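J.: Task: produce atomic coordinates for the following.
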Amino acid sequence: MSAWADTELKDRLGIRYPIVQAPMAGSSTPSLAIAVSEAGGLGSLGLAMHTQEALRKDCTTVSEATAAPYNANFFVHYEPVDDPERANNTRSLLAPYYRELGLGEVPDVVTPAPSFNETHLQAVLDLRPPVVSFHFGLPGDDAFKAIKAAGLFTLSSATNVAEARELEARGIDAVIAQGFEAGGHRGTFSEPYERGHVGTLALVPQIVDAVSIPVIAAGGIGDGRGIAAALALGASAVQLGTAFLTCPESAAHPIYRRELNEARDDQTRITHAFSGRPARGLENRYLREMTGHEGIYPDFPILNSLTGPLRKASAKQNNPDFLSLWSGQSAAMSRNLPASELIQLLVTETESVLERLATVR
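T.: Numbering: from 1, shown residues only. Below you'll find the predicted structure:
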């Protein structure tokens with residue numbers, strides 16, 4: 001094995017290569033997590049939107065299929081504030097789209113996915129996934145201490161140095177430095193979220209210098225060149241999400257895959273318009289027309305549940321206009337490979353880059 005893979009974090013996680021597949025709620029599957037973990041990386045399940053039954057089923061499927069470690073990921077968002085005026089204004093904005101897609105009226109009552117709670121905690125303690133990760137901060141002290149006491153390895157995302165320091169102070173085992181280039185929801189938990197507008201190249205070394213725990217680089221990394229660069233910046237591992245979306249094991253809709261394969265380098269935007277929280281995705285009609293109304297959107301995940309029927313109908317009609325096409329800035333680098341082959345290609349590419357750099361004088 002090459003020296004680049006001999007990192008403390010790799011050994012602590014029990015993986016062959018310091019490559020983490022991002023959880024990607026809605027697109028990750030047990031099959032993807034299993035394939036990545038079996039290939040030597042760390043496969044992940046995005047469980048934030050799962051019911052308890054689905055959560056337990058997916059974790060059990062992975063643990064029964066492989067002895068390799070995997071990561072169970074949860075959102076830790078603030079409970080939404082009930083604001084009827086914002087909800088009604090948003091329903092008015094969404095109504096034409098509902099009619100266009102034949103959905104009738106925008107629903108009055110929604111049941112948004114809950115933040116990490118006692119039920120999630122009990123599932124984690126029962127199932128004991130080897131790695132537990134969080135987005136949007138960490139759960140309360142009692143819950144987090146219970147997870148640590150169970151001997152589970154913990155990760156969480158930081159989008160700036162202050163967040164990384166806060167996570168370390170709380171006792172996180174490793175921090176994910178989520179650069180501005182990353183796809184999907186920004187992991188920012190400090191306000192305003194613009195404080196997390198730091199690119200991966202600048203963010204990683206600053207977090208490495210600021211904390212004493214391992215740092216996982218994320219955001220815009222799509223091949224071995226990006227992995228080698230992250231390691232050079234001091235990262236102990238990397239996390240890739242967009243790169244795995246076009247793997248056959250992912251749950252990405254065929255239209256989603258097509259859009260990724262046709263993406264340009266300048267095609268992603270950050271928007272609140274799908275979920276109520278800032279997230280990076282490929283630009284489409286809905287994103288263009290709805291971005292700019294941030295002041296009236298209800299809190300996450302209320303808006304996410306209101307736009308859910310639009311996304312589902314759009315997928316059924318093979319129409320990309322209303323899909324949340326979450327993607328990082330590396331979308332144009334997507335490869336259509338099985339996850340195990342992608343892991344091996346990433347390893348080969350990284351080794352090639354490091355060998356070439358070793359000859360530079």
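
J.: Where does pLDDT dip in the chain?
T.: Flagging of the chain using pLDDT under 70 yields the residue ranges 1-3, 5-6, 109-112.

J.: Show the residue spans covered by the helices in the stretch 201-350 of the chain.
T.: Per DSSP state H, counting those that start in this stretch, the stretch 201-350 of the chain carries helices over the ranges 224-232, 242-245, 254-261, 285-290, 302-316, 339-358.

J.: now for the ones you listed, which one comes closest to Asp141?
T.: Comparison of those against Asp141 by CB to CB identifies helix 302-316 as nearest, at 26.8 Å. In this view, the C-beta of every residue, glycine as well, is placed from N, C-alpha and C.

J.: So which bits of that closest one are buried?
T.: Within helix 302-316, the residues that count as buried by 16 or more other CB atoms under 10 Å are 302-311, 313-315.

J.: Check the spacing between the residue of the chain positioned farthest from its centre and Leu231 real quick.
T.: Distance from the C-alpha centroid of the chain peaks at Arg361, with 38.1 Å (CA atoms, centre = their mean). For Arg361, the distance to Leu231 (CB to CB, to the nearest Å) stands at 20 Å.

J.: what sits against Tyr78?
T.: 115, 299 (CB atoms under 8 Å, 6 or more residues apart in numbering).

J.: in what helix or strand does it lie?
T.: Here Tyr78 sits in a region with no helix or strand, counting by DSSP states H and E.

J.: starting at the chain centroid, how far to stretch 239-257?
T.: 12 Å (CA atoms, centre = their mean, to the nearest Å).

J.: ok, now stretch 42-52?
T.: Using CA atoms, centre = their mean, the offset of stretch 42-52 from its chain centre is 10 Å.

J.: measure that stretch end to end?
T.: Start-to-end span of stretch 42-52 (CA to CA, to the nearest Å) is 23 Å.

J.: show me where the stretch 1-150 of the chain has helices.
T.: Counting by DSSP H, counting those that start in this stretch, the helices of the stretch 1-150 of the chain are 8-13, 30-38, 52-65, 84-100, 118-127, 141-149.

J.: Format these as CSV; extra columns: mean neighbour count and distance to Glu355.
T.: Output for these, formatted as CSV (neighbours: other CB atoms under 10 Å; distance: least, CB to CB, whole Å):
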stretch, mean neighbour count, distance to Glu355
helix 8-13, 18, 19
helix 30-38, 25, 24
helix 52-65, 16, 34
helix 84-100, 15, 52
helix 118-127, 16, 41
helix 141-149, 15, 39
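
J.: Any idea which of those helices gets closest to His197?
T.: Closest approach to His197 among these is made by helix 84-100 (24.8 Å; CB to CB).

J.: Send me that closest one as PDB with only the CA atoms.
T.: Presented in PDB, the C-alpha positions along helix 84-100 are these (Å, rounded to 0.1, in the frame of the first residue of the first chain):
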ATOM      1  CA  PRO A  84     -48.300  31.100   8.700                       C
ATOM      2  CA  GLU A  85     -47.600  34.300   6.700                       C
ATOM      3  CA  ARG A  86     -44.400  32.900   5.200                       C
ATOM      4  CA  ALA A  87     -46.000  29.600   4.600                       C
ATOM      5  CA  ASN A  88     -49.000  31.200   2.800                       C
ATOM      6  CA  ASN A  89     -46.700  33.500   0.700                       C
ATOM      7  CA  THR A  90     -44.700  30.500  -0.300                       C
ATOM      8  CA  ARG A  91     -47.700  28.500  -1.200                       C
ATOM      9  CA  SER A  92     -48.800  31.300  -3.500                       C
ATOM     10  CA  LEU A  93     -45.400  31.200  -5.200                       C
ATOM     11  CA  LEU A  94     -45.600  27.400  -5.600                       C
ATOM     12  CA  ALA A  95     -49.200  27.200  -6.800                       C
ATOM     13  CA  PRO A  96     -48.500  27.800 -10.500                       C
ATOM     14  CA  TYR A  97     -45.900  25.000 -10.500                       C
ATOM     15  CA  TYR A  98     -48.300  22.700  -8.800                       C
ATOM     16  CA  ARG A  99     -51.000  23.400 -11.400                       C
ATOM     17  CA  GLU A 100     -48.500  23.000 -14.200                       C
END
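
J.: which strands and helices sit next to it?
T.: Applying 3 or more CB pairs under 8 Å, 6 or more residues apart in numbering; DSSP states H and E, one finds that helix 84-100 contacts helix 302-316.

J.: any idea how far the helix it packs on is from the chain center?
T.: 19 Å.

J.: what's next to that helix, contact-wise?
T.: Residues outside helix 302-316 that contact it (CB under 8 Å, 6+ apart): 80, 87, 90-91, 94, 97-98, 101-103, 106-107, 110-113, 253, 255, 272-276, 286, 297-298, 320-324.

J.: that older thread, so which of the helices of the stretch 201-350 of the chain is the most packed in?
T.: With neighbours defined as mean count of other CB atoms under 10 Å, these peak in mean count at helix 242-245, which reaches a mean of 28.

J.: what residues does that helix touch?
T.: Contacts of helix 242-245 from elsewhere in the structure, counted by CB under 8 Å, 6+ apart, are 21-22, 24, 27, 32, 36, 183, 221-223, 250, 252, 256-257, 260, 327-328, 330-331, 333-335, 339, 342, 346.

J.: send the alpha carbons of that helix over as CSV?
T.: Output in CSV follows, covering the C-alpha atoms of helix 242-245 (Å, rounded to 0.1, in the frame of the first residue of the first chain):
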residue,chain,number,x,y,z
THR,A,242,-20.9,14.4,-6.6
ALA,A,243,-18.4,11.9,-8.0
PHE,A,244,-20.5,9.0,-6.6
LEU,A,245,-23.9,10.3,-7.9
